[in-house]
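Colleague: Sharing a model that was predicted from the sequence below.
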Amino acid sequence: MACTGDRAFVETTLLSGQAIGTDIGIIECAWAGPPPLPGQFFLVRARRSSVLLGRAISVFGWEPRRHGGAGQAGGVLRFLIARRGRGSAELVELVPGDIVELTGPLGSGWPATAEGRTALVAGGVGIAPLAFLAGSVPAGSYDLYAGFRSGSYGLDTFQPEHATIATDDGSVGRHGRITEFFEPGAYAAVYACGPEPMLRAVAKACAATGTACYLSLERRMACGVGACLGCTVSTVAGNRRCCVDGPVFDAREVLFDD
């Protein structure tokens, strides 16, 4: 294990893998490095891979666990992965015992949840960093809004006071986009992750009601440490790096492309 500050590079063993349909997978890996915070991510790569760089994957779940000798802390990381290209396809297709390269934890975490009612708004695999956040706060202390193209996944770990699920095809929950059923005025703060059009709509709605809003953005991240400048985000303070200044940003700072 190679450590740099509060992150590490680890070759570890895949403990389990679960396919959800043809395009989504959940993998679990042993991890003996620094514990992650909700909202952080890892660069994940199969050791036997056709791609050079790891894929930036948000932490879906973290289970601290004691193992090995006295004083050696570790745990199990869970990742929810969408099959989008060669690198992510290789991760979804891994089987228990395969070796996985992990670099992390990287990026900023979610800010402390606000007092008062809060809402978690997820689109697709954007459910992952919100599931980790939900596991760190009391059950019933938030409402969940989750949207999917078809079907649903990743909802088992949530314990909201109220949940609203929507699908583009109407297969689960309400028929339509989740932003059609979300009204931020009742909340002290909103935490959102998903496709950029959804985040733009959530940020606009929150701005109209003066509701605090935090967004976890997605960019292509090559190095994960801010050196390559390939994951810039346009903000009111100029370009910032998603991998180190984010991926969580105050929605008031983000400038979306029209």
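Modeller: All right, it came through fine. In this text, all values refer to a predicted model and were calculated from it rather than measured experimentally.
Colleague: Surely Ala128 is in contact with Ala82?
Modeller: No: using CB atoms under 8 Å, Ala128 is not in contact with Ala82, being 9.5 Å away. The way it works is simple: take the backbone N, C-alpha and C, and place the C-beta from them, glycine included.
Colleague: Now Phe181. Its backbone dihedrals?
Modeller: When read as degrees, to the nearest 10, the backbone of Phe181 gives phi -120, psi 10.
Colleague: Tell me where the stretch 51-200 of the chain has strands.
Modeller: 55-66, 73-82, 99-106, 118-123, 142-148, 162-167, 174-175, 189-193 (DSSP state E, counting those that start in this stretch).
Colleague: Reformat those strands as TSV; add mean pLDDT, distance to Arg45 and mean neighbour count.
Modeller: Output for the strands of the stretch 51-200 of the chain, formatted as TSV (pLDDT from 0 to 100; distance: least, CB to CB, whole Å; neighbours: other CB atoms under 10 Å):
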stretch	mean pLDDT	distance to Arg45	mean neighbour count
strand 55-66	90	7	20
strand 73-82	91	12	20
strand 99-106	94	5	22
strand 118-123	97	25	26
strand 142-148	98	27	24
strand 162-167	98	32	17
strand 174-175	98	37	13
strand 189-193	97	22	27
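Colleague: Which residue is the nearest non-sequential neighbour of Pro129?
Modeller: Ser58 (4.1 Å; CB to CB, 6 or more residues apart in numbering).
Colleague: can you pull the contacts of that neighbour?
Modeller: Counting by CB atoms under 8 Å, 6 or more residues apart in numbering, Ser58 touches 39-41, 79-80, 128-129, 132, 193, 216, 247.
Colleague: and with 10 Å instead?
Modeller: Ser58 makes contact with 36, 38-42, 79-81, 107, 125-132, 193, 216, 218, 247, according to CB atoms under 10 Å, 6 or more residues apart in numbering.
Colleague: if I look at it, how far off is Gly238?
Modeller: 25 Å (CB to CB, to the nearest Å).
Colleague: Wait, Arg45 touches Glu101, no?
Modeller: Yes: between Arg45 and Glu101 a contact is recorded at 4.5 Å, counting by CB atoms under 10 Å.
Colleague: Common neighbours of the two, please.
Modeller: Common neighbours of Arg45 and Glu101 are listed as 11, 54 (criterion: CB under 10 Å, 6+ apart).
Colleague: is it true that Gly135 touches Phe158?
Modeller: Yes: between Gly135 and Phe158 a contact is recorded at 8.5 Å, counting by CB under 10 Å.
Colleague: Looking at these two, which is more packed in?
Modeller: The neighbour count for Gly135 versus Phe158, taken as other CB atoms under 10 Å, is higher for Phe158 (19 against 16).
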